[in-house]
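Novice: structure for this input, please:
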Amino acid sequence: MSRADLVVVGDGPVGLSTAFALAESGLSCLVAPVAGADEALSMPAGVEATAPRVAWRQDRLLNALQARSRRLWLDWMVRLAQETGVDLGYSRIGLLLVGEVAESAPETLMPGWEWVMPVSCEPRLSCAEIHGLFGAGFSQVRHDRLVHSLRLALRTRGVPLLDEQRVSRIEITGNVAPALQLDDGTSLQADAVILAAEDDNAQLLFESGLDELELPEARAHHLLFNPGSRLLNHVVSSDELLLLPQPDGRLLAVDTGPADRYGSSDEALDMLLTQVGNRLPALSRFDLQRHWLAPLPGPAGGRPMLGLYPHLRNLWINAGHYRNGLDIAPAMGELLAEHLQGGPGFPELGVTLRQRN
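Specialist: Numbering: from 1, shown residues only. Okay, here's the model as predicted:
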């Protein structure tokens, strides 16, 4: 295929959700993956890293996007399961907050939260904290299954997905992006391009000679353990550490402090192993499966971006999800579809570029 109306660049949860929202609105689109994806930043197969939602620590805009996405997901998940037969692995896993993140909660708790004793909620935890906050409504779906289901649903709707070809560069002519260069040397013409490639946005913009987006480069140390059975029943979050039990019994620990506070990767690993062992002593008996540095889940102190790339009239940016795509991607995709069909814009989500040194 050499031409498309709308090309969504990125075939992860954000890109596929964007394409699904466009298709649901009756817009014609095509999905293309990015060439040269950074495997060092990717999650191991089957590992989930959905970011916890703590509304009182987020701004109004992000809370509104999450609320809109949750309403959409209730509909999307039912229809995706019915149409594709794929079990998305949906579970209400619950979220336990300890430490300052719990103490910062408003005096009048928001609906769905209750004060608990952390060790009564998670007996294997080692907690100096007497009180914690528990939210039973925190839920997850399996990312790999979601991606598979969205791909099937898009094909059912007649949306082409490129599998053998990948986007290596965005062609720019004047104030227009008329085509995409593919890694096999061919060109794909497009009326409009939507860049929704998550962690690979920066590399593709660089290869295209375009300035980077002004997004925080928050990286976090990730540690994956394989104890063989679940040590935690719920996601546990503090200001320093995020513990995410996996569907297969593994456990992912994410350091939520500044990654550059360590002198070296070895120092970081030693400190984090101690930190994880202090919080969950039972984990100290099991070997570490993998340690890597990758984007921090959640908004990471930034804001999502949705809008035209400055000075270009047909290159759209859908970015700033920070592995939080399952939380806000449906709302972002629906907002874009509405705007492309004549609806209002979204100035609060405007695209800004990083200042050159």
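Novice: could you point out the helix or strand that follows the helix or strand hosting Leu223?
Specialist: Here Leu223 is covered by strand 219-225, with elements defined by DSSP states H and E. Downstream of strand 219-225, the first helix or strand assigned by DSSP H and E is strand 235-237.
Novice: outside of that following strand, which residues touch it?
Specialist: Here strand 235-237 makes contact (CB atoms under 8 Å, 6 or more residues apart in numbering) with 52, 54, 93-98, 101, 122, 125, 138, 242-245, 256, 279. In short, each C-beta sits where N, CA and C put it, glycine included.
Novice: make it 7 Å
Specialist: By CB atoms under 7 Å, 6 or more residues apart in numbering, the residues outside strand 235-237 that reach it are 52, 93, 95-98, 101, 122, 125, 138, 243-244.
Novice: of these, which belong to strands?
Specialist: Cross-referencing the contacts of strand 235-237 against strands under DSSP state E gives 95-98, 243-244.
Novice: of those, closest to Asp5?
Specialist: Checking the ones in strands among the contacts of strand 235-237 against Asp5 by CB to CB gives Leu244 as the nearest, at 38.7 Å.
Novice: which residues does the closest one bridge with?
Specialist: Assessed by DSSP bridges, Leu244 has beta-bridge partners Leu252.
Novice: does it touch Val47 like I think?
Specialist: No. Proximity of Leu244 to Val47 does not meet the contact threshold set by CB atoms under 7 Å, at 8.4 Å.
Novice: between the two, who's got more neighbours?
Specialist: Taking other CB atoms under 10 Å, Leu244 and Val47 do not tie; Leu244 has more neighbours (25 against 20).
Novice: would you check how far apart that one and Ser120 are?
Specialist: Separation of Leu244 from Ser120 (CB to CB, to the nearest Å): 21 Å.
Novice: ditto for Leu326
Specialist: Using CB to CB, one gets 29 Å for the distance from Leu326 to Ser120.
Novice: just to revisit the earlier point, buried ones among the ones in strands among the contacts of strand 235-237?
Specialist: 95-98, 243-244 (16 or more other CB atoms under 10 Å).
Novice: how about those in a markdown table, adding distance to Phe286 and pLDDT?
Specialist: A markdown table is the format used below for those (distance: CB to CB, whole Å; pLDDT from 0 to 100):
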| residue | distance to Phe286 | pLDDT |
| --- | --- | --- |
| Leu95 | 23 | 95 |
| Leu96 | 21 | 96 |
| Leu97 | 25 | 96 |
| Val98 | 22 | 95 |
| Leu243 | 14 | 95 |
| Leu244 | 15 | 93 |
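Novice: closest to Leu188 among the contacts of strand 235-237?
Specialist: Using CB to CB, Leu244 is the member of the contacts of strand 235-237 that lies nearest Leu188, at 37.3 Å.
Novice: and the closest one, what does it touch?
Specialist: Shown in contact with Leu244 (CB under 7 Å, 6+ apart): 48-49, 235, 252, 254.
Novice: do Cys29 as well
Specialist: Taking CB under 7 Å, 6+ apart as the test, what Cys29 contacts is 5-8, 19, 22-23, 159.
Novice: how about it: what's its closest non-neighbour residue?
Specialist: With CB to CB, 6 or more residues apart in numbering as the criterion, Cys29 has its nearest non-adjacent residue at 4.0 Å, and that residue is Leu6.
Novice: just Pro344 next, same as before
Specialist: Closest to Pro344 by CB to CB, 6+ apart is Glu338, at 7.7 Å.
Novice: count of residues packed around that neighbour?
Specialist: By other CB under 10 Å, 15 other residues sit near Glu338.
Novice: residues contacting Arg225?
Specialist: Heads up, residue 225 is Phe, not Arg. By CB under 7 Å, 6+ apart, the contact set of Phe225 is 250-251, 283, 286, 288-289.
Novice: that's all I had, so thanks and see you.
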